[in-house]
Each structure stands twice: as structure tokens, then as C-alpha cells.
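Participant: compute the structure for the input listed below.
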Amino acid sequence: MPLFKPTIAAVATVLISACATPGSNMSSSQPASLNILQAGEWKVEDIGGQGVIDNSPATLLFSKDGKLSGNASCNRLIASYTVNGTKLTISPAGTTMMACAPALMNQEQKLVDLLSTVTSYSIDQTGALILASTSGKKLIARR
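Facilitator: This is a model prediction of the structure:
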């Protein structure tokens, strides 16, 4: 059996090296912050410079498969997204159809409208996710 140990060790070394290669799961044009974007749920703190309702349930979750889900403030949210470098495009979002308090429904509409105009994303030095839109309005979220 000693003949197999070097072969197994060599194969294990190659496999471990392949797994440890930086950026092995993303193309070279995608920034490291893509991993941060997709690392978990973001709690929305600001929509277009107008803040959010205290204890608002608005959240965003960017899955590695290009799906965006979350809570739009009242209803569940679903969309798809694509990333190219720091450019971010979000498809028009769909939501469930529950009714909530008018203030939450208004906030939800602002969130959904802003998401459809997003053109880029960044993670600032404090760890906040910033989604910038064509109108110059921003959405800010944190973990």
C-alpha cells in the first residue's frame, strides 16, 4: 500500500491548491466586493436620502445564482440581477400582494422603483452597501 500514499497525497495537494486559488469562483473582471455583496442579507437603512421607517423589515439578499430576494417593506420581493465589475443591473422586481399600513406601502413602492434604476454598487469603508441609480438617488443597506 505505500505506493498509493504519494499518489493520494499528490492528488490531495492539487485539489487543495485548486480550491485555494484566488477568484476561482468568479471571473477576473469581478471585484472581490462581489463576495461581500452575496455574503448575506442586507437591512435597508436609507432609500433615496429619505431614510426608512423605524424597525422597517426592508431587506435584500443577493444570491450567487443571480437572484435577488428580500422584504420590500411589506411584501416579499423577488428579482434577478447581473454584475459586471461594479455595474449592477436589477430586473423589475415582483412582490407578493399583501396590504400593509400606507406608510409601509409608500416606502415599498420607493424601494421597488429605485431598485429598477440601479446602475452600480459599492461597499464603503464602513461596510455599507451603496446602490446608485440613474437618477443619482442611492439605497444604503447594512448587515
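Participant: contacts, neighbours, all on C-alpha from now
Facilitator: OK.
Participant: what about the protein, any weak spots by pLDDT?
Facilitator: 1-32 (pLDDT under 70).
Participant: which residue ranges of it form helices?
Facilitator: 4-19, 33-37, 102-115 (DSSP state H).
Participant: and the last one, what's buried?
Facilitator: So that's helix 102-115. Within helix 102-115, the residues scored as buried using 16 or more other Cα atoms under 10 Å are 104-105, 107-108, 110-112, 114-115.
Participant: now those as TSV including distance to residue 37?
Facilitator: Below are those laid out as TSV (distance: Cα to Cα, whole Å):
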residue	distance to residue 37
104	25
105	26
107	23
108	21
110	21
111	18
112	19
114	18
115	15
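Participant: spatially central residue for the chain, please.
Facilitator: Nearest residue to the geometric centre of the chain (Cα atoms, centre = their mean): residue 62, 3.2 Å.
Participant: residue boundaries of the strands in this protein?
Facilitator: Counting by DSSP state E, one finds strands in the chain at the ranges 42-47, 59-62, 67-71, 76-84, 87-90, 94-95, 118-123, 129-133, 138-142.
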